[in-house]
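Enquirer: here's my sequence, what's the structure:
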Amino acid sequence: MAVALVLYVAALRNDFYQLTSPTTLLWHVALRKAYSLVAFGTLGYLVRRALLERGRRRVALTTVASLALYSGAIEVGQYLLGSTEGFGWNVVDIACGAAGGIFGIADRLGNARRLP
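Expert: Numbering: from 1, shown residues only. Below you'll find the predicted structure:
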């Protein structure tokens, strides 16, 4: 939960974005999307582990859906703070969240028996 909170706050801070991927870089948007995939993948792995430890069922679906919803919450927060990205980029960012959820379960995808 702490990791999710830190990532949420970082995603809402424009100064953090400027520090990690300044707009002076030609590929700054691609760099931001790459960062988000790494962050969402890490969080997806942690969510999956937490669900497994609690004996939850449908861990794969819950992990992917949770990360997509979390990414959607980030988009809402950014919108409320004045982001002007546009709907298309919002969809891409939510897809990155869902992809992070898939990355979080990827080590279990090869063996269906291991994936609850």
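
Enquirer: when you work out contacts or count neighbours from here on, use the C-alpha atoms and nothing else.
Expert: OK.

Enquirer: need the contact partners of the helix or strand hosting D15.
Expert: Element membership for D15 (DSSP states H and E) is helix 14-20. Under the contact criterion CA atoms under 8 Å, 6 or more residues apart in numbering, helix 14-20 has outside partners A10, A11, R32.

Enquirer: helices - which of those land there?
Expert: A10, A11, R32 (DSSP state H).

Enquirer: for the helix holding D15, buried residues please.
Expert: By neighbour count on 16 or more other CA atoms under 10 Å, the buried set for helix 14-20 is empty.

Enquirer: just give me the residue closest to the centre of this protein.
Expert: In the chain, the residue lying closest to the centroid (CA atoms, centre = their mean) is F40, at 3.0 Å.

Enquirer: give me every residue that touches that residue.
Expert: So F40 contacts L67, C96, G97, A99, G100, G101, G104 (CA under 8 Å, 6+ apart).

Enquirer: if we go to 7 Å?
Expert: F40 is in contact with L67, G97, G100, G101, counting by CA atoms under 7 Å, 6 or more residues apart in numbering.
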